[in-house]
Every structure is written in C-alpha cells, then in structure tokens.
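# model the following, please.
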Amino acid sequence: MSKLLFVGECMLELRRDENGKVHTSFAGDTYNSAVYAKRVCPSFEVAYLSAIGRDVFSQQLLETMANEGIESHLIRRDHERNLGIYSITTDDSGERSFAYWRENSAATNMLKQFEESVIDDDNYALIFFSGITLAILDEQDRHKLLSILQRAKDRGTTIAFDPNYRARLWADKTEARYWLERAYALTDIALPGLEDHETLYQHAQAKDVHHFLNQFAVQEQVIKCGARGIDICDINGMICHQAFEPAAIQKDTTGAGDAFAGVYLSSRLNGYSSEDAVEHASKFAAVVVQHPGAIIQLRLSEHFVLPLTNTNSIK
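Coordinates of the predicted model:
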C-alpha cells in the first residue's frame with residue numbers, strides 16, 4: 001500500500017452563502033490536496049503533518065480528518081495556540097478574496113514539536129508541501145522542515161512541491177525566492193503556476209519556467225498556465241500539453257488548484273502516466289470549481305475513484 005504525507009496548515013473556513021448564512025468547514029492548500037488524493041485512491045495511506053490547538057474547532061478538525069480517512073498521528077496539539085481561521089467571499093465569476101487570522105496559529109509553530117528524525121521510520125512513497133507551508137514558519141523551522149525532507153529524499157521518497165506564492169506571507173520577494181529555490185533543490189515533482197513565476201521571476205512563458213527548474217534538476221515539471229493550459233515537462237523538454245477546458249459553471253475556484261495537485265500526485269503514484277494523470281486531475285478540478293468551498297461533497301468525487309494498480313510507483 002502506498003503511503004503519502006502532506007505537510008502544512010489546515011484552518012477553519014468561514015463562508016457566507018448567497019442568503020447570508022455562514023458555513024464552517026476546514027481547509028488549507030496541502031490539506032485540501034490530501035483529502036482529494038485520498039478520495040481518488042482510497043486504499044492509499046494518506047497522512048497529514050501539522051499542529052492544531054486544544055480548542056473545540058481543532059477537535060472537530062480531527063473528527064473531520066478521521067471521516068476523510070486522513071491519518072492524524074503526525075498532528076501535534078499545542079497548549080497555547082489555536083487553529084487558524086480564514087473567511088472567504090466570492091464574486092460572480094467565482095474568484096475569491098480572503099481574510100486571515102493565522103499569525104499565531106498552532107501550525108505556525110508546528111516544527112518546534114518535531115525532531116528532524118520524526119518520519120525516519122516511516123516509508124512514505126511521496127511527500128507534498130508548498131510555499132505556504134514554508135512561509136508560515138520562522139527561519140529556524142524552515143531549515144528544519146527542509147532537513148526532514150532531505151532525509152526522506154535520501155531514503156528514496158519522492159518530494160513534490162507547489163510554490164503557491166502568497167505575497168502577504170513573505171517579508172518581500174527576495175525572501176520568497178530564496179526559500180522557494182531551496183525547496184526546488186529538493187524537489188522531484190514541481191507544480192508551479194506561471195502566474196507565480198511571472199510575479200517572482202518575470203517568466204512570461206512555460207518554457208521560461210522549464211529552463212529555470214532545470215537548474216535544480218527537477219525531474220517532473222507540471223507548469224500550470226491558467227487559460228493557456230498545463231505543460232508537463234521533464235529535464236529534456238515538453239512531454240505533453242493539457243488544454244484548458246473551462247467548467248460549464250464557475251462558482252468557486254478556492255480549492256481547484258489544490259484538488260488538481262492531490263489528484264495528479266495520487267494518480268501518478270497509482271501508476272498513471274503524466275499525460276493520463278494531468279487529464280484526470282484537470283477533469284476533477286473542473287468539478288470542484290462548480291461547487292462552493294474548498295472541499296466538495298464526497299458524492300461528487302465518487303466518479304473519479306481510480307482502480308488500484310499494483311504499480312504504486314511513479315514512472
């Protein structure tokens with residue numbers, strides 16, 4: 001059975017519907033990816049590494065994770081800090097805006113509760129983290145996280161990374177570039193957005209991102225170019241291009257990119273080619289944008305469950 005680990009922060013989501021009613025749920029970029037990775041490959045063991053508080057919402061999150069089949073043995077409970085919170089509003093086109101209360105959340109302090117050897121005895125086939133995972137940590141803990149990942153990589157674990165640049169979480173672009181490049185140096189599968197690279201590096205085309213990632217010997221490059229589609233590259237160049245097909249209804253784009261990442265990685269680990277994985281993940285993301293919130297109802301995911309192969313590796 002394949003084992004996947006996702007690292008980051010899950011928060012309480014507050015979302016107001018068209019009638020003014022406020023709905024609560026739980027979401028966060030890598031957490032969303034973990035949920036969707038598990039949904040399409042239910043037999044995989046999917047775990048989440050983070051920290052939460054001892055407040056009522058933190059307890060509810062653990063219950064939600066259990067219902068989703070997400071392993072929580074790497075979730076630490078902080079006695080002094082609580083779960084982060086964010087609110088989301090969407091416009092008529094489905095684009096969203098956020099307000100956050102996460103500066104002193106338990107997750108921002110999570111690495112202080114782990115030794116660098118925390119996963120040395122685990123046999124994770126793949127670990128996924130993001131630029132947000134790095135950004136919420138202090139400098140010492142960023143170093144510790146990268147050390148944990150390096151140890152796993154040295155044991156044969158595939159490291160996957162999405163820069164997911166959020167300017168408000170970094171002191172400036174220079175700081176962001178430094179840490180994202182440290183992350184890329186560890187990465188086997190990168191899932192960057194062209195928009196992030198335009199902002200940070202003035203990369204105007206997917207080929208610019210490809211040449212940049214080659215500096216770090218990133219073996220699999222999933223370059224998301226918005227309406228221009230997705231380019232899959234390896235060190236030698238483009239493998240395939242997935243055209244953008246807009247959803248019939250675009251209600252909420254909150255979790256679409258996270259869903260894409262989780263489904264893509266789970267599909268690859270299940271033996272799908274990069275071409276088939278990107279197609280499956282794109283179709284799944286097109287469903288996610290048609291429904292409110294980052295995590296859609298389980299019944300909407302059932303059509304995308306993959307038959308288990310005996311591969312359990314990325315080729």
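
# pretty sure G257 contacts A285?
Yes: contact status for G257 versus A285: in contact at 7.2 Å, counting by C-beta atoms under 8 Å. Every C-beta, even on glycine, is put in place using the N, C-alpha and C of the backbone.

# give me the number of residues near S72?
Applying other C-beta atoms under 10 Å, we find 16 residues neighbouring S72.

# count of residues packed around N104?
Neighbours around N104, by other C-beta under 10 Å: 11.

# L180 against D162, yeah?
No: with contact defined as C-beta under 8 Å, L180 does not count as touching D162 (10.2 Å).

# any common contacting residues for these two?
Common contacts of L180 and D162, defined by C-beta atoms under 8 Å, 6 or more residues apart in numbering, comprise G131.

# more neighbours: those two, which one.
Legend: neighbour count by other C-beta under 10 Å for L180 and D162, higher for D162 (29 against 25).

# partners of that one in the sheet?
In this entry, D162 is beta-bridged to S130, by DSSP bridges.

# other residues contacting stretch 136-151?
Applying C-beta under 8 Å, 6+ apart, the external contacts of stretch 136-151 come out as 7, 9, 102, 105, 107-112, 114, 116-120, 127, 129, 133-134, 159, 169, 179, 182-183, 186.

# and what about R142, helix, strand or coil?
Secondary structure, DSSP: H, G, I helix; E, B strand; the rest coil: R142 is helix.

# distance check, it against C225.
Applying C-beta to C-beta, to the nearest Å, the value for R142 to C225 is 28 Å.

# for S130, same thing?
To C225, S130 is 18 Å away according to C-beta to C-beta.

# buried residues in stretch 207-227?
Residues of stretch 207-227 classed as buried by neighbour count (16 or more other C-beta atoms under 10 Å): 208-210, 212-214, 218-225.

# then stretch 172-182?
Of all the residues in stretch 172-182, those buried under the rule 16+ other C-beta under 10 Å are A176, W179, L180.

# can you give me the strands for the stretch 1-150 of the chain?
3-7, 11-16, 22-27, 45-52, 70-71, 75-77, 85-90, 96-101, 126-130 (DSSP state E, counting those that start in this stretch).

# can I get the ones you listed in TSV including mean pLDDT and mean neighbour count?
Output for those, formatted as TSV (pLDDT from 0 to 100; neighbours: other C-beta atoms under 10 Å):
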stretch	mean pLDDT	mean neighbour count
strand 3-7	98	25
strand 11-16	91	20
strand 22-27	93	16
strand 45-52	98	25
strand 70-71	98	20
strand 75-77	98	18
strand 85-90	85	16
strand 96-101	84	12
strand 126-130	99	27
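
# could you dump those into CSV and include distance to I295?
Below are the strands of the stretch 1-150 of the chain laid out as CSV (distance: least, C-beta to C-beta, whole Å):
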stretch, distance to I295
strand 3-7, 14
strand 11-16, 9
strand 22-27, 6
strand 45-52, 13
strand 70-71, 11
strand 75-77, 17
strand 85-90, 12
strand 96-101, 14
strand 126-130, 17
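
# which stretch among those strands comes nearest Q59?
Proximity to Q59, assessed across those by C-beta to C-beta, is greatest for strand 45-52 (8.5 Å).

# in this structure A248 contacts V287, no?
No: A248 is beyond contact range of V287, at 10.2 Å (criterion: C-beta under 8 Å).

# between those two, which is the more surrounded one?
Using other C-beta under 10 Å, the more surrounded residue of A248 and V287 is V287, with 16 against 8.

# what pLDDT does the model give that one?
With respect to pLDDT, V287 has a value of 91.

# repeat for R299
pLDDT, R299: 86.

# neighbour-wise, which of G257 and A285 wins?
Legend: neighbour count by other C-beta under 10 Å for G257 and A285, higher for A285 (23 against 20).

# do you know how far that one is from M238?
Going from A285 to M238 by C-beta to C-beta gives 21 Å.

# ditto for L61
40 Å.

# now do D252
Distance from D252 to M238, by C-beta to C-beta: 31 Å.

# which of the two has more neighbours?
Between D252 and M238, counted using other C-beta under 10 Å, the more crowded position is D252 (21 against 14).

# is it true that that one lies in a helix?
No: read with three-state DSSP, D252 is coil and lies in no helix.

# now it: how far from I132?
19 Å.

# what about the nearest residue to R39 once chain neighbours are set aside, neighbour count?
Distance criterion C-beta to C-beta, 6 or more residues apart in numbering; nearest residue to R39, sequence neighbours excluded, is S301 at 4.4 Å. By other C-beta under 10 Å, the residues close to S301 number 21.
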